[in-house]
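*Asks:* Output the structure for:
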Amino acid sequence: MSDIQTKYQKLAQEFAKLRAQNQVLKKAVIEEQGKQTQFKDAIKERDQKVRKFEQEIDSLTFRNQQLTKRVNILQDDLEVAESRAKKGKNKVTTEPVARPKLEQNVIGEELRNKIQENERLHIQFNQSSAEHQQTMLSLQDRLYALENENSQHQRILETTQKQNKDMIERLQQDKARLEVKIRNMEKESGDAVMKAEKSEQELKILEEDLGSKLEVARKLITDKLPFNDTELRKFNALNVPTHDRKQQQRTKELVGKAKVLMSEMCSALSNFHTYTEQRTKIFPVDASAGSLSVVNAKFCTYLHENAAYLRSIEKSFNNFYDDITEDALTTLETATGLQDFSSKFSKYVSYLNKLLPYQLLSLEEECALSSCSQTLESRNMELHSALKKLTSAFTKLDSYVQLLAMTSKKSGDLPQANHREFFNKMISSVTYLSSIVKDVSKSYNFKVSLEHQLPTVTQKLKTTDECVVSSLISLVTCTGKLSNFMKSNVDMFSAPTSYRTRGHSFIQDDDQQGRMTSPTVSTLREKSVNYMAMLNKPSPDSVPYTQALNNRRVLVSSTESKEGLAQQLASNSDKISRLEQDREHWLLEAQLLQIKYDKEAMKVNQLQSQLQSHISGVHGPDLMRQVSNDSQEGSKADHKQTDPSLGSLSKQPMDFGESEETSRENLIKKHYTSKVSIMTNHRQMVDSKSVSFHSECRALHQRLSLAEKSKQKTQAELQKANQMILQLQGELSTTSRSYDDQLKMMSDHLCSLNEKLTSQKDEIDSLKLSMKQTAKKGKGK
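*Replies:* Predicted coordinates:
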């Protein structure tokens, strides 16, 4: 009720304000209308004055034109008189000569006076016309402004009247609605009072029942419960908490994504280390052609150890992922698998610090070559500084990983309030690592591009450099994915875990530390699960006493014969190993015999083909002798293998002059080396193709982004051009209209001028006739 009354009062106050404002606006509109009428009257008076001035100007112009006509006639008469005076005779007396001089003086004075009067009238006409135009323009501007103000005031008045009408209607509707609500609320309040009385009675009954139950529970606790583990926080942390399985599933999914990213990063790092090892073996000195330096040899041995560190990191993180289950809650306090991961990661970081000085020395050795230019040396130093930054970034990330793993220990408890800041700093370190990896790849690309321009560079070095570049590109993508993954899931990492311990209703959580669980909760839970499973198992059948005694006798006798059985087992294992060696030996022998058989079969086929082609009656017995001799020589060569006539066998990949074991080893070695070389060449080709495809994709992506930007720019320019076209079209229409109006005015003005000129010509002609008549009269006198 009070809320409705206050709303009604506010609405009434606003209505009163609007009514007062309406009255003020009415007064203002009336005043403006009065002013408008006054301005209209003033404009009418000004128009009358302007018309008077125009009439005076027209009369003055007409008078001026008459005077000009008269002046022209007088000038013509003067010229005629002068010409006649020159042509006249000398007999003329002095009196008629004196008269034209007097007439000329009089005409000259009248002409001067008329000219001065004409100038003065021109000046007055120009001044009056300028003043008239100024007054007309100012009055027109003022009239436009007053009309605009009047229209605005009328609009405001109409809008205010409409608003007031709407407000009045709305207020009336609200009033009726509020009255209906008041009635309903009165009814509801009466019902609520009845319900409150009933609930009070029920509450009294419940209080009595709960009080009796509480007394019984207190007696049971004091009599039969010796220890309550939910009273203290550190004991309550050992209880298994209840949790949401959906959140646990989500944490497992996130850890699975992190596992994939970690495996990709480990593979990229291992590829980078192995390809750098291959590069150091090739450049600056090829290991197949000459011996490596001491620094590069140690550097290669250290680089060869990268797989042990990286595989251990990947394995530890996989074990951590396997430990996460949907039944048990996983938090930072219970994630004990991160300790193993942090220790393996710190070992890898120390391994990187061990590699760094050898890398510097190998780069210095490359710079010491004669073919190394100053630009290449500067690029090498840039690469070394970038690698230094990379190791520092890994050490920084290692410190955060160690802090993250320390939360599952009692000694390193991280407060819940600091989780957000901690993960933000960890994300910043990961982004810094990705930026440093990008710098390393850029500097290495510059270095490789300069090295490939040298004439001493081999194709093998180019392929290995392309492999190193591809590994760096994959490392850049992996670190970028890892930073984006952590940025997108920082809320999940830093959010407090939604679980509840048994004593949550009795013990308040610390504001700084939040809810706490012990790292041993998972092990305790496993023990309890195993214990409950053991309880649920059926008990096995018991063994009779006599059978147990017999079993004991057999066990004692078997322990006595244990040594003999061990000796037999050792001898049997030795026999098995010898038999396996013999089996491999005979397998190789069979392969060698198969090769020999194939060669002999080839020879026999060749000889048969020669026989069939060269059979004739005369040379038959000689040919048969040659065949028998060749067969005897072939058999001797098989036994002795020293006949120089069988040089074709020495060209085979096997050397039968040596022992069978060495020939077999050489054959196997050459077979596997050829396979390894084919596989390495194929892998290098695939890596180079992937690098080229990746660069092409990047270039196409850049071109696409540039095309989109240019498209946006052209669209904006097109919109601006369309706007300019519309503006120019509007200006053109206005100018064309103004020009049409001006042309109409000019045509009207020209018509009026033509009429005036015709009237002036008539007047001039009449004046000329009158002047001629007066001149004739003067001459006649």
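*Asks:* And the helix or strand harbouring residue 443, what's buried?
*Replies:* Using DSSP states H and E, residue 443 maps to helix 419-451. Going by neighbour count (16 or more other Cβ atoms under 10 Å), the buried part of helix 419-451 is 419, 422-423, 426-427, 429-441, 443-448, 450-451. Glycine gets a C-beta too; all of them are placed from N, C-alpha and C.
*Asks:* swap in stretch 12-29?
*Replies:* Buried, per 16+ other Cβ under 10 Å, within stretch 12-29: 25, 29.
*Asks:* what about the strands in the stretch 101-250 of the chain?
*Replies:* 242-243 (DSSP state E, counting those that start in this stretch).
*Asks:* Quick one: name whatever helix or strand follows the helix holding residue 443.
*Replies:* Past helix 419-451, the next helix or strand by DSSP H and E is helix 459-488.
*Asks:* Spatially central, which residue of this protein would that be?
*Replies:* residue 484 (10.9 Å; Cα atoms, centre = their mean).
*Asks:* what about that residue, distance to residue 717?
*Replies:* 35 Å (Cβ to Cβ, to the nearest Å).
*Asks:* Remind me which helix or strand residue 311 belongs to.
*Replies:* helix 306-323.
*Asks:* other SSEs contacting that helix?
*Replies:* helix 245-282, helix 337-367 (3 or more Cβ pairs under 8 Å, 6 or more residues apart in numbering; DSSP states H and E).
*Asks:* relative to helix 306-323, how tilted is the last one?
*Replies:* Same thing as helix 337-367. 160 degrees (axes from the mean of the first three to the mean of the last three Cα atoms, to 10 degrees).
*Asks:* Please compute how far helix 337-367 lies from its chain's middle.
*Replies:* Remark: helix 337-367 is offset 33 Å from the chain centroid, using Cα atoms, centre = their mean, to the nearest Å.
*Asks:* which is the next helix or strand following it?
*Replies:* Assigned by DSSP H and E, the successor of helix 337-367 is helix 374-406.
*Asks:* Could you check the angle that following helix makes with helix 337-367?
*Replies:* Using the same axes, to 10 degrees, helix 374-406 lies at 170 degrees relative to helix 337-367.
*Asks:* Looking at the helices and strands packed on helix 306-323, which is nearest to residue 163?
*Replies:* helix 245-282 (54.1 Å; Cβ to Cβ).
*Asks:* Kindly calculate the angle that the closest one makes with helix 374-406.
*Replies:* Using the same axes, to 10 degrees: helix 245-282 against helix 374-406 is 150 degrees.
*Asks:* Neighbours of residue 768, how many?
*Replies:* If you count neighbours by other Cβ atoms under 10 Å, residue 768 ends up with 16.
*Asks:* what does residue 688 give?
*Replies:* Around residue 688 there are 17 other residues, counting by other Cβ under 10 Å.
*Asks:* Does it lie in a helix or a strand, and which?
*Replies:* helix 660-780.
*Asks:* what about that helix, average pLDDT?
*Replies:* Helix 660-780 shows a mean pLDDT of 78.
*Asks:* What of stretch 115-128?
*Replies:* Mean predicted lDDT for stretch 115-128 stands at 81.
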